[in-house]
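Chemist: I'd like to go over a predicted model; first the sequence, then the structure.
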Amino acid sequence: MASIPLLRLSLPLHHHHHHRQQIKSNAVLLPHPLKPTLPSQRRFRHPPPKSSTTTCSYTPTPATDRLISAASYFLPFFNGLQYGRFLFVKYPILAAPFEPLIPLLSLYHSVPYASFVTFFGLYLGIVKNPNFSRYARFNALQALVLDVLLVVPVLLQRIITPGRSGIALKLTAWAYSGLFLFVVACFVYGLVSSITGNTPYLPFVADAAGRQLED
């Protein structure tokens, strides 16, 4: 019987303890009166930027421009073959690659003033003609500038006669042989580049040709 009053006393305490926990839980859930709550902002994901692709268009060089450019380099090549005579005498085997060109060379030299006519034909007909592309005009002008440079050794030889023996003749042979190799290298380089549609830039020639073409 004594346990009944204790049981009665324990019930309100338990109920009061439960009520206190409920108040604490409500206090946690309720917002603070001095700290107003802001509505939560939704994070919008921006779509990834679209990758822009750039396409490069390649315009091939017309066949007419390539043909004119390739043919222009034959002028300094034909006029520069004379500088290889010392190499041909010392090494006859070097003349073998040029034997197929002998009929064409004979025809070229059989025409009176062929070099003179071809020079001004390229200059007035192509270089100074705006109807042709810059590619063809530049290559023709490079060939003409190279052909003008080949005249300088001939003029020096007429002014200063090297003689038939001695150190002067050896220096002349070395200079002519080096000039011949330079002309052949420029011819092959210009011819192959023109056939493939690329722009050749000849040493000691390209800068002068570019400046004259811009003027």
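Modeler: Thanks, I have it.

Chemist: all contacts plus neighbour counts: C-alpha atoms, from now on.
Modeler: Fine.

Chemist: can you give me the helices for this protein?
Modeler: Secondary structure of the chain (DSSP state H): helices located at 3-29, 63-72, 74-80, 85-90, 102-110, 114-122, 134-149, 151-159, 167-196, 206-214.

Chemist: Relative to Lys128, tell me which of these wins on proximity.
Modeler: Proximity to Lys128 (CA to CA) singles out helix 134-149 among the helices of the chain, at 7.7 Å.

Chemist: what about that closest one, distance to the chain center?
Modeler: 20 Å (CA atoms, centre = their mean, to the nearest Å).

Chemist: packing partners for that helix?
Modeler: helix 63-72, helix 74-80, helix 114-122, helix 206-214 (3 or more CA pairs under 8 Å, 6 or more residues apart in numbering; DSSP states H and E).

Chemist: Quick one: closest of these to Asn131.
Modeler: With CA to CA, the closest approach to Asn131 among those belongs to helix 63-72: 11.3 Å.

Chemist: What lies in contact with that closest one?
Modeler: Helix 63-72 is contacted from outside by 122, 132-133, 135-137, 139-140, 143, 190-192, 194-197, using CA atoms under 8 Å, 6 or more residues apart in numbering.

Chemist: Same check on stretch 136-147?
Modeler: For stretch 136-147, contacts defined as CA under 8 Å, 6+ apart pick out 65-66, 68-69, 72-73, 75-76, 79, 119, 122-123, 126-128, 199-200, 202, 205-206, 208-210, 213.

Chemist: Mind picking out the helix or strand in the chain with the poorest mean pLDDT?
Modeler: Least confident helix or strand of the chain, by mean pLDDT, DSSP states H and E, is helix 3-29 with a mean of 40.

Chemist: what about stretch 69-87, how long is it end to end?
Modeler: The straight-line separation of the ends of stretch 69-87 (CA to CA, to the nearest Å) is 28 Å.

Chemist: any idea how far that stretch is from the chain center?
Modeler: 28 Å.

Chemist: next one: stretch 127-146
Modeler: Computed by CA atoms, centre = their mean, the chain-centroid distance of stretch 127-146 equals 20 Å.

Chemist: sorry, back to before: how about the helices and strands packed on helix 134-149, which one is nearest Thr161?
Modeler: For those, the distance to Thr161 is smallest for helix 74-80, at 19.6 Å, taking CA to CA.
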